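J.: only geometry, no sequence info:
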């Protein structure tokens, strides 16, 4: 049980730490990973990264001043193939991590069910009844 | 004095009187039968509520609920703040998931007739939670302040007008005037981040306490046969299974939020005509279509009034369902089940129809 708990903790940590790293990486301008771009919706997929960047910067003054009316739709889109690939890698990593966590949780569930079925924590019916080492069971 | 972790935990348990609660949690059991899967929907709603709170707080740091600032601040969140677009997307998608799971939870209880005595009030508080969740969605829809959200809010806040006597007052109260303006935005923001969270937590506490008091229901046929249903300890057996489902849901919401992040239209123009194809959120579509199919006038009253009255009757019938279906094992109970199936078919068909 203790081993399973440790593995679960390590797997959870492996889920959180790279996610934080990815978040920090994605916030930098040239990092791989999806970033919000201001683009005209119809051209979202077709535009080269440079145009997407231009559209993004064009939207910034309107966002800052809050007075000028922005005409275009803001659609979060990948600016290049690097970002698209990074997202696919993220998906694979995310679901792989979840699968690993589920595997360990299932082991834990099986163990918990086995202990329950064996009535391990019920003093009257515990297989440890009469064992002086099992003092305190069920309390 | 010796101070270690054990002493500290014991002190903490003593001062907060946690021991009886922890004892209860270890003694609590969950029935195991063919419909046990539906028990997991309850905790999944809490998971999405938690995500909503966290992402909502993150968005509220930068959101400005003013006519000039609302759309621009969302544009800033999406284009300038690190992963702001993702936080907004997760907030939006987890709201959708939450309402969907609330509906699934409600339907599961409806069809297993778990609302029967002594769980009538639990059902009623659950219905209140569904309504509050939908109002959360409605108030949140206006906050981006683009043309679509403005028009949808105009349509939505116009509906109470059809209610006699108080209709006009209700509409004015919601809008903060005769029309949707910056005051409506401020008002909706206040509802969304202050009033509704207080309401939802108050109802949620009552709902959870009632669930703990009455325990989880067993299938009707087992109750009639007075059969002893096998049970599983809540901790750790049931909770661990719940965690597995949470992980899958978490992965799903993250995948969907990344793949289908919501866009943001240009800032709404109060003087501009409504854009074509204005539609509310998916969970209001069937009500929207119901209002649409009624003619403008039906004798002395308007068609909208008839539609609103019928919708109100429908909502009241669902709210008081445990009292209408007080003998679920009889033919009357079966009739109620068929009516519920008809209601679900109506909601699905009308929702699809409204998209045409």
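T.: Received the coordinates, thanks. Just so it is clear, the model here is predicted, and its values are computed rather than measured.
J.: quick one, phi psi at residue B:277?
T.: Main-chain torsions, residue B:277, degrees, to the nearest 10: phi 70, psi 30.
J.: ok, now residue B:193?
T.: Dihedral angles (degrees, to the nearest 10) for residue B:193: phi -110, psi -10.
J.: residues in contact with it?
T.: Contact analysis of residue B:193 by C-beta atoms under 8 Å, 6 or more residues apart in numbering or on different chains lists B:56, B:60. (Each C-beta comes from the backbone N, C-alpha and C, glycine too.)
J.: distance-wise, check it relative to residue B:277.
T.: Distance, residue B:193 to residue B:277, by C-beta to C-beta, to the nearest Å: 29 Å.
J.: and if you look at residue B:89?
T.: Residue B:89 sits 22 Å away from residue B:277, going by C-beta to C-beta.
J.: these two: which is more packed in?
T.: residue B:89 (25 against 8; other C-beta atoms under 10 Å in any protein chain shown).
J.: can you name the element that comes right after the strand or helix carrying the more buried one?
T.: If you go by DSSP states H and E, residue B:89 is part of helix B:84-112. Remark: after helix B:84-112, the chain's next helix or strand is helix B:120-142, criterion DSSP H and E.
J.: how far is that next one from where the chain is centred?
T.: Its chain's C-alpha centre and that of helix B:120-142 lie 5 Å apart, by C-alpha atoms, centre = their mean, to the nearest Å.
J.: what residues of that helix count as buried?
T.: Under the neighbour-count criterion of 16 or more other C-beta atoms under 10 Å in any protein chain shown, helix B:120-142 has B:120, B:122-130, B:132-142 buried.
J.: where does the prediction get shaky in chain A?
T.: Along chain A, segments meeting pLDDT under 70 span A:1-71, A:122-139.
J.: run a quick neighbour tally on the spatially closest residue to residue B:127 that is not a sequence neighbour.
T.: Using C-beta to C-beta, 6 or more residues apart in numbering or on different chains and skipping residues adjacent in sequence, the residue nearest residue B:127 is residue B:319, 5.1 Å away. Number of residues near residue B:319 (other C-beta under 10 Å) recorded here: 17.
J.: again, but for residue B:206
T.: By other C-beta under 10 Å, the residues close to residue B:206 number 16.
J.: report the contact partners of it.
T.: Counting by C-beta under 8 Å, 6+ apart, residue B:206 makes contact with residue B:125.
J.: quick check: domain ranges of chain A?
T.: A:1-30+A:81-139, A:35-77 (automatic domain parsing).
J.: point me to the residue of the stretch 51-200 of chain B nearest chain A.
T.: In the stretch 51-200 of chain B, the residue that lies nearest chain A is residue B:82 (3.0 Å; C-beta to the nearest C-beta).
J.: am I right that that residue sits in a strand?
T.: No: using DSSP: H, G, I helix; E, B strand; the rest coil, the assignment for residue B:82 is coil, not a strand.
J.: show the backbone phi and psi for residue B:270.
T.: phi -60, psi -30.
J.: can you tell me the closest non-neighbouring residue to it?
T.: If the residues on either side of it in the chain are set aside, residue B:270 comes closest to residue B:181, at 6.7 Å by C-beta to C-beta, 6+ apart.
J.: just the pLDDT at the one you found, thanks.
T.: What the model reports as pLDDT for residue B:181 is 91.
J.: next up, the contacts around it.
T.: Contacts of residue B:181 by C-beta under 8 Å, 6+ apart are B:67, B:175, B:270.
J.: TSV please, covering these and showing pLDDT.
T.: Output for these, formatted as TSV (pLDDT from 0 to 100):
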residue	pLDDT
B:67	91
B:175	93
B:270	85
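J.: can you select the buried ones from these in ChimeraX?
T.: This is the ChimeraX syntax for the buried subset of the contacts of residue B:181, where burial follows 16+ other C-beta under 10 Å:
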select /B:67,175
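J.: residue B:27: which of the contacts of residue B:181 is nearest?
T.: Checking the contacts of residue B:181 against residue B:27 with C-beta to C-beta, the nearest one is residue B:175 at 51.4 Å.
J.: quick one: neighbours of residue B:170, just the number.
T.: Neighbours around residue B:170, by other C-beta under 10 Å: 15.
J.: also residue B:241?
T.: Using other C-beta under 10 Å, residue B:241 has 22 other residues around it.
J.: shaky segments in chain B?
T.: B:1-2.
J.: in it, which residue is most central in space?
T.: By C-alpha atoms, centre = their mean, the mean C-alpha position of chain B lies nearest to residue B:133, the distance being 2.9 Å.
J.: could you pull up the residues touching it?
T.: Contacts of residue B:133 by C-beta under 8 Å, 6+ apart are B:98, B:99, B:102, B:200.
J.: and the two most separated of the residues you listed?
T.: Greatest spacing in these, by C-beta to C-beta: B:99 and B:200 (12.4 Å).
J.: please determine how far the residue of the stretch 51-200 of chain B closest to chain A is located from residue B:302.
T.: 51 Å.
J.: again with residue B:144
T.: 31 Å.
J.: neighbour count: those two, which is higher?
T.: Neighbour tally, residue B:144 and residue B:302, criterion other C-beta under 10 Å: the higher count belongs to residue B:144, 25 against 16.
J.: buried stuff in the top helix by length along chain A?
T.: Criterion DSSP state H: the longest helix present in chain A is helix A:81-117. For helix A:81-117, the neighbour count (16+ other C-beta under 10 Å) marks A:83, A:86-87, A:90, A:94, A:97-98, A:100-102, A:104-105, A:107-109, A:112-113, A:116 as buried.
J.: cool, and stretch B:91-98?
T.: B:91, B:92, B:93, B:94, B:95, B:96, B:97, B:98.
J.: residues touching that stretch, excluding its own?
T.: The contact list for stretch B:91-98, computed with C-beta under 8 Å, 6+ apart, reads B:45, B:48-49, B:51-52, B:55-56, B:59, B:133, B:136-137, B:140, B:249, B:252-253, B:256-257, B:260, B:262, B:281-282.
J.: again, 10 Å this time
T.: Contact with stretch B:91-98 is made by B:44-59, B:90, B:133, B:136-137, B:140-141, B:144, B:249-250, B:252-262, B:281-283, as judged by C-beta atoms under 10 Å, 6 or more residues apart in numbering or on different chains.
J.: and the buried ones among those residues, selectable in PyMOL?
T.: Entered in PyMOL, the line below selects the buried ones among the contacts of stretch B:91-98, by 16+ other C-beta under 10 Å:
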select buried, chain B and resi 44+45+47+48+49+51+52+55+56+58+59+90+133+136+137+140+141+144+249+250+253+254+255+256+257+258+261+262+281+283
